[in-house]
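Peer 1: what shape does this take:
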Amino acid sequence: MVAAMNVSSAHATRPYALLSIAAAVGTIAIKFGAYVLTGSVGLLSDAAESGINLVTALVTFWALTVAARAPDQTHPFGHSKAEYFSSGLEGALILLAAVGIAVTAVGRLFDPQPLEQLGLGMVLSLVATALNGGVAAVLTAAGKRLRSLALQADAQHLLTDVWTSAGVVVGLVLVQLTGWLILDPLIALAVAVNIVWAALRLLRESADGLMDSALSDEDTRSIERILAGYAEGGLQFHALRTRQAASRRFISLHVLVPGAWTVQRGHDLCEEIERAVEAALPQSYVTTHLEPLEDPLSWADAELDRTPRSGDSPKEKRR
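Peer 2: Model (predicted):
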């Protein structure tokens with residue numbers, strides 16, 4: 001059931017990736033047209049970033065298509081980590097775009113060029129900015145609802161593009177008011193720095209995901225609240241470990257019950273706990289390990305707890 005739910009959720013993300021592709025194509029056409037009309041290197045840098053948006057939107061669609069595949073024999077835990085490759089590649093491509101923008105801007109610093117039809121160019125840039133802003137809002141909401149890192153990364157990139165476009169327009173207004181042509185390449189260099197910052201953030205998030213980072217503090221507290229309700233009955237829990245793979249959560253813990261319990265009773269309790277955690281945190285895969293309270297070996301791995309208990313045995317558990 002969990003696998004089916006995860007696959008269904010992954011399928012639901014792909015229409016948003018298609019929306020991002022359509023928006024990228026539209027903004028490239030608009031921004032490049034603005035550059036052709038004005039000759040502004042700032043607008044050229046803005047159009048170049050939209051070109052990167054198109055590439056990353058295509059990669060995002062590919063990653064979400066792979067992530068939507070059901071678990072199989074070679075990937076029993078699913079394919080959701082494909083989303084991290086999407087955001088990582090996006091970060092790398094953004095860095096390349098920043099280098100290209102910087103090289104073009106430096107050339108214009110030493111050889112400023114007159115700008116033409118600034119009014120129409122700025123109007124076109126603002127239209128493209130509004131388009132990106134609307135799509136970014138849609139992708140942000142969908143990414144949070146569907147827990148899709150790829151969609152959230154794409155939305156963050158589009159928001160970066162929005163601020164980039166706003167900065168370019170401000171620069172062009174200043175050029176028009178002051179006549180200082182050097183402001184155009186300076187704004188382009190500022191755009192490049194902003195793009196580098198966004199790229200480094202995406203690369204860091206991708207690396208964290210590929211290294212199996214733990215769930216957020218909020219998610220962990222939700223698990224602990226559920227376990228606290230069962231602990232009131234004299235049960236114990238430890239060795240809570242979590243990791244996330246894009247939209248999927250993986251949770252494991254040890255459940256300690258009286259040794260006199262039957263296997264059936266312990267099994268039923270573990271099933272109940274797993275269902276409670278999965279209900280609180282959708283798209284979770286929960287694994288429990290049953291142990292007897294009275295056995296000292298049951299406490300030998302208590303140091304794996306998120307918050308170790310005082311008096312727990314420091315020895316490693318050996319089985």
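
Peer 1: what kind of secondary structure is residue 239 in?
Peer 2: strand (DSSP: H, G, I helix; E, B strand; the rest coil).

Peer 1: contacting residues for residue 173?
Peer 2: By C-beta atoms under 8 Å, 6 or more residues apart in numbering, the contact set of residue 173 is residue 122. Where C-beta positions appear, they are placed from N, C-alpha and C, glycine not excepted.

Peer 1: my guess is residue 78 contacts residue 68, does it?
Peer 2: No: Residue 78 lies out of contact with residue 68 (C-beta atoms under 8 Å); the separation is 9.5 Å.

Peer 1: residues of the helix or strand residue 173 falls within that come out buried?
Peer 2: Under the criterion of DSSP states H and E, residue 173 resides in helix 149-178. Residues of helix 149-178 classed as buried by neighbour count (16 or more other C-beta atoms under 10 Å): 149-162, 164-165, 167-169, 171-172, 175.

Peer 1: next secondary structure element downstream of that helix?
Peer 2: Later in the chain than helix 149-178, the nearest helix or strand by DSSP H and E is helix 183-210.

Peer 1: specify the angle between that following helix and helix 149-178 in degrees.
Peer 2: Taking axes from the mean of the first three to the mean of the last three C-alpha atoms, to 10 degrees, one finds that helix 183-210 is oriented at 170 degrees with respect to helix 149-178.

Peer 1: centre of the chain to helix 183-210, how far?
Peer 2: Relative to its chain's centre, helix 183-210 lies at 15 Å (C-alpha atoms, centre = their mean, to the nearest Å).

Peer 1: just for the chain, where's the confidence low?
Peer 2: 1-11, 41-42, 45-46, 49, 108, 111-119, 121, 209, 246-247, 301-319 (pLDDT under 70).

Peer 1: that one: strands as residue ranges?
Peer 2: 236-245, 248-257, 284-292 (DSSP state E).

Peer 1: now those in a markdown table, with mean neighbour count and distance to residue 101?
Peer 2: Output for the strands of the chain, formatted as a markdown table (neighbours: other C-beta atoms under 10 Å; distance: least, C-beta to C-beta, whole Å):
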| stretch | mean neighbour count | distance to residue 101 |
| --- | --- | --- |
| strand 236-245 | 20 | 33 |
| strand 248-257 | 21 | 36 |
| strand 284-292 | 17 | 42 |
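
Peer 1: okay, those in TSV with distance to residue 179 next?
Peer 2: Shown next, in TSV, are the strands of the chain (distance: least, C-beta to C-beta, whole Å):
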stretch	distance to residue 179
strand 236-245	53
strand 248-257	56
strand 284-292	60
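
Peer 1: out of those strands, which is closest to residue 109?
Peer 2: strand 236-245 (44.4 Å; C-beta to C-beta).

Peer 1: picking that back up, between residue 78 and residue 68, who's got more neighbours?
Peer 2: residue 78 (25 against 20; other C-beta atoms under 10 Å).

Peer 1: about what we covered before: taking strand 236-245 as reference, get the angle to the helix holding residue 173.
Peer 2: Using the same axes, to 10 degrees: helix 149-178 against strand 236-245 is 50 degrees.
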